[in-house]
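Participant: Mind folding the following:
(one chain, ligands or ions: 2)
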Amino acid sequence: MSTTQSNPTNQPLDHLHDWEEFVEGQLYPEPNKKQKKDYRNYDNPARDTVREFYRLNHINQTYDFVRQKEAEFLPLRKREMTIYEAVEFLNTLVDDSDPDTDLDQLQHLLQTSEAIRRDGHEDWFVLTGFLHDLGKVLCLFGEPQWAVVGDTFPVGCRHSDKVVYPEFFSDNADSKDARYNTRLGVYEEGCGLKNIHMSWGHDEYLYFVTKDYLPEPAQYMVRYHSFYAWHRENEYDHLCDQRDREMLYWVRKFNPYDLYSKVPVKPNWNDLKPYYDKLFAKYLPAKIAF
Ligand SMILES: [Fe+2]
Ligand SMILES: [Fe+2]
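Facilitator: Numbers count the residues shown, from 1 in each chain. Ligands and ions are numbered 1, 2, ... in the order given. I've put the predicted structure just below:
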């Protein structure tokens, strides 16, 4: 089912699924658990990969770049897919030379949603767990990794130094542009995150793909789940409105399920499919525009 899609264009990560490992194991390790790899070990090649990834991300995610990607993708004219087609499409990201990672993207979605279900949350929350990373299909539309995954941040105003690897912003053209390098930049105080252009990636994209079908807390979870500077570091409050501050509760509620839901025994998709079939039918149309 999967086709090899490993590193076609000299990108920092060998495979996109490495990203989950980096985020959980290195960037945001589970409290009270030993880090899988020492983030500060200069001999650790994985660390250099993350650095290189963020170097490219922070240099290239400019206000103009984001506006261009919004214009390109947000009309949602790429293709219409059922959820199953989207998941299958996403799974072509898996390199079939490695048997352990087959269906890895589906497993991340399923382990996230099943952890939410185990905790007894409402069905829309479970659905959100399942959907939250489907925006990574951007990779299959030819987008570079640094424009698909990674922590997100507002563009068009000064970068917070609480964004991971802030030193790389010095090479972002916006840092030297007087329109974009002030505290508010092109925005107004308290204008609300809905008026803020976020660095381009799977979060913002999937928000537009799914927003008409999900309740508001779910929309926030999808749209801001990689906005760590906000939901973990409390930065950018001056751009938020009251609604954002209320919805932050839900974004934070979602985050541990995204990061720490891996289980030793993989959920069996065939057993779970009837439940998810019903769930998709309740909230989603048969085909969704991507
Ligand atoms: Fe994500
Ligand atoms: Fe995720």
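
Participant: if I pick the spatially closest residue to Leu206 that is not a sequence neighbour, what's in contact with it?
Facilitator: Nearest residue to Leu206 in three dimensions, chain neighbours excluded: Gly135, at 3.2 Å (CB to CB, 6 or more residues apart in numbering). (Each C-beta comes from the backbone N, C-alpha and C, glycine too.) Gly135 is in contact with 148, 201-207, 209, 222, counting by CB atoms under 8 Å, 6 or more residues apart in numbering.

Participant: For Gly135, give me the pLDDT.
Facilitator: Predicted confidence (pLDDT) for Gly135: 96.

Participant: which stretches of the protein have low pLDDT?
Facilitator: Residue ranges of the chain with pLDDT under 70: 1-10, 14-22, 24-26, 31-46, 93-103.

Participant: which parts of it sit against ligand 2?
Facilitator: By the rule CB under 5 Å from the ion, the part of the chain lying against ligand 2 is 133, 258.

Participant: Helices of the chain, start to end?
Facilitator: Assigned by DSSP state H, the chain shows helices spanning 18-22, 45-60, 63-73, 83-91, 104-118, 123-131, 202-210, 216-224, 228-231, 242-259, 269-283.

Participant: In TSV: the ones you listed, plus distance to Ser160 and mean neighbour count.
Facilitator: Compiled in TSV, these are given as follows (distance: least, CB to CB, whole Å; neighbours: other CB atoms under 10 Å):
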stretch	distance to Ser160	mean neighbour count
helix 18-22	21	19
helix 45-60	12	18
helix 63-73	16	16
helix 83-91	30	19
helix 104-118	27	21
helix 123-131	26	23
helix 202-210	17	24
helix 216-224	14	23
helix 228-231	5	22
helix 242-259	16	17
helix 269-283	34	13
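
Participant: which one of those helices lies closest to Pro166?
Facilitator: Closest to Pro166 of the helices of the chain is helix 45-60 (CB to CB; 7.9 Å).
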